[in-house]
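> Here is the input, now give the coordinates:
(2 chains)
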Amino acid sequence: MDWLNANFLPWLIPLPPFIAFAVIILLAGRSRVATQIIALGAMAITWFLSFALVLRAFAISDLGKYSRGIFGSSLSDILGSNGWLVNGTGNGALNIGVAVDPLTAVMLFMVPLVMMMIFIYTLGYMANAERHTRFFAYLSLFAGAMLTLVVADNLLLLFIGWEVMGLCSYLLIGFWYDRSPEQEVDRVAPYQAAMKAFMTTRIADVIMLIGIAYLWATTGTLNFREIFFNEATLQSLATTPALGGFLGLSAAGLIGICIVIGTVGKSAQFPLHVWLPDAMKGPTPVSAMIHAAAMVSAGVYLIIRMFPVLSAGANIEEGLLSAPMVFMAVVGGFTAIFSASIAVAQNDIKKVLAYSTVSQLGFMVAVLGVGGFAPAFFHLITHAFFKALLFLGSGSVIHGMEHGHHVAHGHHEAHGHDAAHAKHSHEAHTEHGHETHAEHGHETHSQAHGEMFDPQDMRNMGGLIRTMPVTAVTFIIGGLALAGAPLITAGFWSKDEILLEAWHLMGKNPIGLLVLVLLSLAAVLTTLYTFRQIWLTFFGEPRTEAARNAQHYNPARGDGRHEAFNSATMTIPLIVLAFFAIFAGFVGVNPSFPIIGPLLKSFGVEKPLILYIKNALLEPPPLPDFNILPVLLSFAIFGFGVYAGYVLYARRPYALGQPDPVEGLIGADAYRVLVNKYYIDEFYERAFVKPMQRIAEGYSRVVDRGIIDGILHLIATAAGYIGDVFKEFNRVVIDGVGDGIPEAIGDAARSLRPVQTGRVQQYLLFTLLAALIVGANLIVLAVAPNLVVPALIVQGGVAVVLVLFFSTGGAQATGSGD
Amino acid sequence: MTLDFLTLLTFLPMIGAGVVMLLPRSQKNLARLVALAFSVVVLGMAIALFAAYANGTCPEGNVPQEMRTAAANAPFTFVCQHVAEFFPLLNSKWHVGVDGLSVSLILLAAILTPLAILISFEVTDHVHEHMALFLFLEMGVIGLFVALDLIIFFIFWEIGLVPMYFLINYWGGKDRQYASFKFFLYTMAGSLGLLLSLQLIGIMAGTMDIPTLLATFPRGLNAQGQPLTFPFGADLGLVKALIFVAFFIAFAIKVPIFPFHTWLPDAHTEAPTAGSMLLAGILLKLGAYGFLRLVVPMFPAEAQAFAPFLAALAVGGVIFGALAAWGMNDFKRLVAYSSVNHMGFVVLGIAAFSAVYNGLLTGAQFENAEIVQRSVTMATNGAILQMFTHGLSSAGMFLLVGALYHKAHTRDLREFGGLYALAPVYGGLLIFTSMASLGLPGLAGFVSEFQVIAGSWWIFPFWVAVAMIGLFLTGAYILKGIRAVLYGPTNEHWRGHALEIEFREVVALSPLVVLMLITGLYPNWIVEIINQTVTRLLGS
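Purely as a prediction, here's the structure:
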């Protein structure tokens, strides 16, 4: 087997992180250095392999076109066997394999790159944390699962990667498993957040499983290309009514909606978005970033991948959308504006980004709903870069704030250097530094809320650009990209394509208008909350001592090379990602965009991303013609957002303890609703979680012990009296016969005697006989209704005989014993 | 009765049991090791049998020509058969043989028994009897899987019951007497009907030979090819319906199918660790095996009529099993109820099989015949694989619960918390096994559950959709277990206690871990074997 052949190479890409996971867990867990080398080494190999493959893939401009084909191979190509799961003589057998089409190629460019940056960053961020090695193990497993999902050539393998990622997310969110709710600012323990994430996504996953099952049942395969490049299959999916005529949907409609629901869970769309903000309990922005930039992207990747099925029966040219598309447009559009509005009112730097992520994913889902295959994918890629940048940047800020907090409290003076830093990191990461006052009895600084110092609260920050310039500049670049700063950032180009798509559909289908309005408003809010975040964090005057001293390390205070190295591992990824947050957008510029389009073409960007990925589909939706109006809309959105942000936050500096300017704008009550995320968590807790728990707790007591055993015991009590009569008869007539029997049974059997005294066994026996007779009649009723009466007679006779037989027999063994 | 491979495989554990009992009473360790050695030899033989079957090198065996002819139309093809005189008065012969279904389950039984014996090393009371009972149990189980004669089948069916009764009753927990008695009587009650029915079949068909019966009985013929008659002139349909009912109840109790399951939580919870492992791992499969081997193939029409009810009961088991498990605060009871939940999927697959099998047999024209064919194959394969994978994961879960209980002397989930910090290896293994039990893709449970869901979808879309509630709740109780034991602030009470898993326990768990992973990553190693038999059964 030529493993370096492009057809087999994709198998190797997810492999090194999996191996690293196994090796770290089984062998290397005790050594920090070995763990770091193994984890980073494996990731580097993966990165190298993917890069080599991506280069080859990008060299083929019509990769994926039907006649041209793709890179890939299946398990049976390797093992020469029946594939992965045989079924009958082959009808419906499942094979798994890998494939690199344009979508996968682009993902293979983005994912390993971002992963590599995360790994490097983790080196510094988690340098002194407990359970460092376990963290790298989980991270490696996560990377392997994500890459499996990306290279999968079928829905089943994709689902495997999908769920393993879900497990990793559970493990990472619950990483500080031993913290209690009382130790957290928001009273949510990491393990609670982890369970919430797992269960919320599981709701979606079980529904998605139905979609997968249905797709398999009708088509007999789960291989992407076998389904997507088969006109007849898609046609029949679109025209066959769903099983049972469910809601008047077509088969494709029901399958599609089930699959989109999978994405709603994984990509945290309304109403299943509740897990993502809590997922920020992960130990670092690294894990937060994993949840936000990698795993949630997988959800969008799935619907982009499944687009041919989701859009089966639609005709975008004529404004005709399929049911799953309308579903996506509505859910995505609503989520975009809904969570953007929450983001405006959050003070935790990571939570703003979390809600921002939910909102941006809403953009992608919504635009896919209006047929924007290319814009959705384009935004997925650019968003991954700048959101990764922002999360890592926020981690850097938090790290600096924690450091600043401890400096401000004089820990460095109080302890020897190494011990101090180790302690700092221990507290910083495991305790978030919250308890430090109480423990050390320091003076309370002017802080917004009570006892706990929250290094993630933006109200405690301000002016960080002075002490953390690299972080600040890269963060601002990321923020500009998120807000879609015109022409220079990646986010602008992808968002512009999104608006263009909605604009294009607007005249043909009201859904287009709906999406355009929702997304435009959401974009204004995006700019506003981004401005707010950047301003509160980096500009103005420092509002606390911690902010004044915020930085990763301070040579002047005697921090050494070690800290400098850790700081560098945290800032270099920021710089790399900032580069892509700007330039990744230029690969997707619409060729007919004035000036810049032709300019890029002259630079050799022959075929922009949006054209390259078209070949992933048999019939790609048409690219909308260039239109200057949505571009102007983009400009206006950005301008208005910045203006609003400036008026609210920059013109008058924000002071600690003062109500948020937005609160003044919309009123305290409305603001409180936003801060509390529309009280959705509380609603779910009361409407679903608690009642379900109560049912579960009562179930076995009421149904199993109460009803089932209860009915049986009731009948048995009555029958027991009859048994007593026979027992008495037995005692008189056959007395003595059984005396020798227990002796003969031997050692072990002797232990039986205590139980064989009372009526217990008779109760049970009659219980069971009664149950059997009832059950028997039910079954006869089902199987042969005409025979119920004779069956009752015969069974009654049998029952009587058995009662006679057993009550005497039972009494024999027991009556003599006592 | 001459000795052949399957006969030897069946009786070797019993010989082992005898040897163990003859060892000096003081030699406890010797008794343990001898029992382990015998079970390992049996495992070796089972692996050899599985490999030979997979390679197609099993001989057909010494089946007399007339029996071969009579069984020509049987839906199963058996190999390694052996026929000898046994009980001519009852038309019963010593007839054993295997196919893909039974070799897989024999392999499971042979894998789990040595692990259970290894776990039982912690038992110090009446070691000889304890070890002998496990071997005796193994004989009963293997005997049942190889039996091709109804009388033999019934004898082993009963033998499987007795050792477990004693294991629970003597070595069990504090409510062991109630639990063992409930278990015994529940199963006995089923057995009674089974015994009567076997005799009725014997009278009607003139044979006890399972392949012959499978070939003739569903077609309304006796062993001589004449129409079935019943001596007292009773209505044949009624008699068949009654036999079906008796069979159904006997096997339904064993599986257990909701609502016949209330013996299970008590028996599992009170049994010693190794007893629970085997009870959940193998004994529950006897019931499902009975459905696949006897009930549906012999009563296809009745099974078809009953299939929708069976699907409903299956889903009832899936949902109520999960709900009950979620509500438990006793860790072992939680795991016990998870068996009701997981066996529900086995039953769902069997229901899909029942719903279609009669039509395939009678050559009915299905709408979308191709879809029906692939669905029912998938569902049936899935039901059988789920028996195997549940055997692995439930045995693993009981092992881990027992390992903790053995050290902490409590199973109350509310008394644990944060033990991950104190027992990291245990924690890792618990998470792994729990995830396998949950059906995490990449591990064994997923493959079989996916097969059942995908295969049953076309046949019972409504019930499959409802079953998803149960699948969701599976997550709830699994996470509850992990959370209560491992997560949260460390319960200071346990600091200083040695809770970490012992080396012996890791050794016993490792084969299960490896198999769960391998089956999850490459299920074909066993599904190919199962599929062969199912394909023949479904005539595709």
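
> Now do the contacts for residue 224.
Since you didn't name a chain, this refers to chain A. A:99, A:153-155, A:305 (C-beta atoms under 8 Å, 6 or more residues apart in numbering or on different chains). From N, CA and C alone the C-beta is placed, and that goes for glycine too.

> nope, chain B
B:G206.

> Relative to B:T212, how far out is it?
10 Å (C-beta to C-beta, to the nearest Å).

> With A:F363 instead?
For A:F363 relative to B:T212 (C-beta to C-beta), the value is 68 Å.

> tell me which of the contacts of A:F224 is nearest to B:L242?
For the contacts of A:F224, the minimum distance to B:L242 (C-beta to C-beta) is 46.5 Å, reached by A:L155.

> In space, what's closest to that closest one - neighbours in sequence excluded?
Nearest residue to A:L155 in three dimensions, chain neighbours excluded: A:L222, at 4.2 Å (C-beta to C-beta, 6 or more residues apart in numbering or on different chains).

> Need the phi and psi values for that neighbour.
Note on A:L222: backbone dihedrals following degrees, to the nearest 10 are phi -120, psi 10.

> Surely it and A:I160 touch.
No: with contact defined as C-beta atoms under 8 Å, A:L222 does not reach A:I160; the gap is 11.4 Å.

> where along the stretch 501-650 of chain A do the helices fall?
A:510-538, A:545-548, A:561-583, A:596-602, A:609-612, A:628-645 (DSSP state H, counting those that start in this stretch).

> Let me know which of those helices is the nearest to A:L123.
helix A:561-583 (4.5 Å).

> and that closest one, what does it pack onto?
helix A:102-125, helix A:373-408, helix A:469-483, helix A:490-506 (3 or more C-beta pairs under 8 Å, 6 or more residues apart in numbering or on different chains; DSSP states H and E).

> hmm, 6 Å instead?
helix A:102-125, helix A:373-408, helix A:469-483 (3 or more C-beta pairs under 6 Å, 6 or more residues apart in numbering or on different chains; DSSP states H and E).

> Nearest to chain B, out of those helices?
helix A:102-125 (18.9 Å; C-beta to the nearest C-beta).

> for that closest one, what is the average pLDDT?
The pLDDT scores in helix A:102-125 average 88.

> Residues contacting the helix or strand that comes right after that helix, please?
Next along the chain after helix A:102-125, taking DSSP states H and E as the criterion, comes helix A:132-151. With contacts defined as C-beta atoms under 6 Å, 6 or more residues apart in numbering or on different chains, helix A:132-151 is touched by A:10, A:13-14, A:17-18, A:20-21, A:24-25, A:29, A:32, A:35, A:39, A:98, A:104, A:107, A:111, A:115, A:126, A:158, A:161-162, A:164-165, A:168, A:171-172, A:294, A:298.

> What residues does the residue in chain A that chain B sits nearest to make contact with?
Chain B sits closest to A:G92 of chain A, with a gap of 3.2 Å, by C-beta to the nearest C-beta. Residues near A:G92 by C-beta under 6 Å, 6+ apart: A:220, B:374.

> quick one: pLDDT of it?
Reported pLDDT for A:G92: 86.

> Confirm it sits in a helix?
No: according to DSSP: H, G, I helix; E, B strand; the rest coil, A:G92 belongs to no helix; its state is coil.

> that older thread, return the members of the contacts of helix A:132-151 classed as buried.
Buried members of the contacts of helix A:132-151, counted by 16 or more other C-beta atoms under 10 Å in any protein chain shown: A:10, A:13-14, A:17-18, A:20-21, A:24-25, A:29, A:35, A:39, A:98, A:104, A:107, A:111, A:115, A:126, A:158, A:161-162, A:164-165, A:168, A:171-172, A:294, A:298.

> so which of those are also by chain B?
A:V164 (C-beta under 6 Å from any C-beta of the partner chain).

> In strands, which of the buried ones among the contacts of helix A:132-151 appear?
Among the buried ones among the contacts of helix A:132-151, the ones falling in strands (DSSP state E) are A:V98.

> Out of the buried ones among the contacts of helix A:132-151, which sit inside helices?
Counted as lying in helices by DSSP state H, out of those, are A:10, A:17-18, A:20-21, A:24-25, A:35, A:39, A:104, A:107, A:111, A:115, A:158, A:161-162, A:164-165, A:168, A:171-172, A:298.

> Between A:F363 and B:T212, tell me which one has more neighbours.
Counted by other C-beta atoms under 10 Å in any protein chain shown, A:F363 and B:T212 do not tie: A:F363 has more neighbours, with 32 against 27.

> where's the nearest residue to the more buried one once chain neighbours are set aside, which helix or strand?
In space, and not counting its chain neighbours, A:F363 is closest to A:A336: 5.2 Å by C-beta to C-beta, 6+ apart. Assigned by DSSP H and E, A:A336 belongs to helix A:323-344.

> Tell me the first helix or strand C-terminal of that helix.
helix A:349-369.

> just the angle between that next one and helix A:373-408, please?
Using axes from the mean of the first three to the mean of the last three C-alpha atoms, to 10 degrees, the inter-axis angle of helix A:349-369 relative to helix A:373-408 is 180 degrees.

> which bits of the stretch 301-450 of chain B sit near chain A?
Counting by C-beta under 6 Å from any C-beta, the stretch 301-450 of chain B sits next to chain A at B:302, B:305-306, B:309, B:323-324, B:326-327, B:371, B:374-375, B:377-378, B:418, B:420-421, B:440-442.

> change it to 8 Å
B:302, B:305-306, B:309, B:320, B:323-324, B:326-328, B:337, B:370-371, B:373-375, B:377-378, B:381, B:418, B:420-421, B:428, B:431, B:435, B:440-442, B:446-447, B:450 (C-beta under 8 Å from any C-beta of the partner chain).

> low pLDDT regions in the stretch 1-150 of chain A?
By pLDDT under 70, the low-scoring segments of the stretch 1-150 of chain A are A:1, A:28-29, A:67-68.

> residues from it in reach of chain B?
Within reach of chain B by C-beta under 8 Å from any C-beta, the stretch 1-150 of chain A has these residues: A:25, A:81-89, A:91-92.

> In which helix or strand does the residue in the stretch 351-500 of chain B that chain A sits nearest to reside?
With C-beta to the nearest C-beta as the measure, B:R374 is the residue of the stretch 351-500 of chain B nearest to chain A, at 3.2 Å. In this assignment (DSSP H and E), B:R374 forms part of helix B:369-408.

> Check the offset of that helix from the chain's centre.
Chain-centre distance of helix B:369-408: 9 Å, with C-alpha atoms, centre = their mean, to the nearest Å.

> Please spell out which residues along that helix are buried.
Buried, per 16+ other C-beta under 10 Å, within helix B:369-408: B:371-405, B:407-408.
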